[in-house]
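Visitor: turn this into a structure:
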Amino acid sequence: QVQLIESGGGLVQAGDSLRLSCAASGRTFSSSAMGWFRQAPGKEREFVATISRDASTAYADSVKGRFTISRDNAKNTVYLQMNSLKPEDTAVYYCAARQGPTWSQNYRFYDYWGQGIQVTVSS
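Guide: Purely as a prediction, here's the structure:
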């Protein structure tokens, strides 16, 4: 079993930055691909970023160039650095882990989820 706990969300203004953290329990973190997803009110969950075991990454077009996903296997933590935030980035952000080394943009391929954390960007 893997538990994921997100932190670092909050209320910011457009153009500001935030860094989300996701601390994972369990011994399989270093061998797991990780992802960040988000869900805004009235919208479906959408892919944001993902990182594989060997730290290769992929991003949604809407965040490419503004967000950076990274991982620290020694700390069992994955990060999402969010720069130049826009009001349309407002959502609940979820950290997810999948039992496999390669990344995926499909939320159905993730096995464990955090409780979610609110990010609100005001204009």
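Visitor: where exactly do the strands run in this structure?
Guide: 4-7, 10-13, 18-24, 33-39, 46-51, 57-59, 67-72, 77-82, 91-98, 112-113, 117-122 (DSSP state E).
Visitor: next one: the residue nearest to the spatial centre of the chain from residue 93, what distance?
Guide: By CA atoms, centre = their mean, the chain has its centre lying nearest to residue 36, at 2.4 Å. Using CB to CB, to the nearest Å, residue 36 is found at 6 Å from residue 93. Using the backbone N, CA and C atoms, a C-beta is placed for each residue, glycine as well.
Visitor: intersection of neighbour lists for these two?
Guide: Shared contacts of residue 36 and residue 93 (CB atoms under 8 Å, 6 or more residues apart in numbering): 20, 48, 80.
Visitor: enumerate every residue touching the nearest residue to residue 99 once chain neighbours are set aside.
Guide: Excluding the flanking residues, the one nearest residue 99 by CB to CB, 6 or more residues apart in numbering is residue 111, at 5.1 Å. By CB under 8 Å, 6+ apart, the residues touching residue 111 are 2, 97-99.
Visitor: next: residue 84.
Guide: For residue 84, counting by CB under 8 Å, 6+ apart, the contacting residues are 15, 17, 66.
Visitor: 10 Å instead?
Guide: Contacts of residue 84 were listed using CB atoms under 10 Å, 6 or more residues apart in numbering, and they are 14-17, 63, 65-67.
Visitor: what's the answer for residue 114, then?
Guide: 2-7, 20, 22-24, 36-37, 93-97.
Visitor: skipping its backbone neighbours, what lies nearest it in space?
Guide: Excluding the flanking residues, the one nearest residue 114 by CB to CB, 6+ apart is residue 4, at 3.7 Å.
Visitor: hmm, back to that, kindly give a single PyMOL line that selects the buried subset of the contacts of residue 84.
Guide: Selection of buried members from the contacts of residue 84 for PyMOL, criterion 16 or more other CB atoms under 10 Å:
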select buried, resi 63+67
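Visitor: for residue 46, name its beta-bridge partners.
Guide: Under the criterion DSSP bridges, residue 46 forms beta bridges with residue 38.
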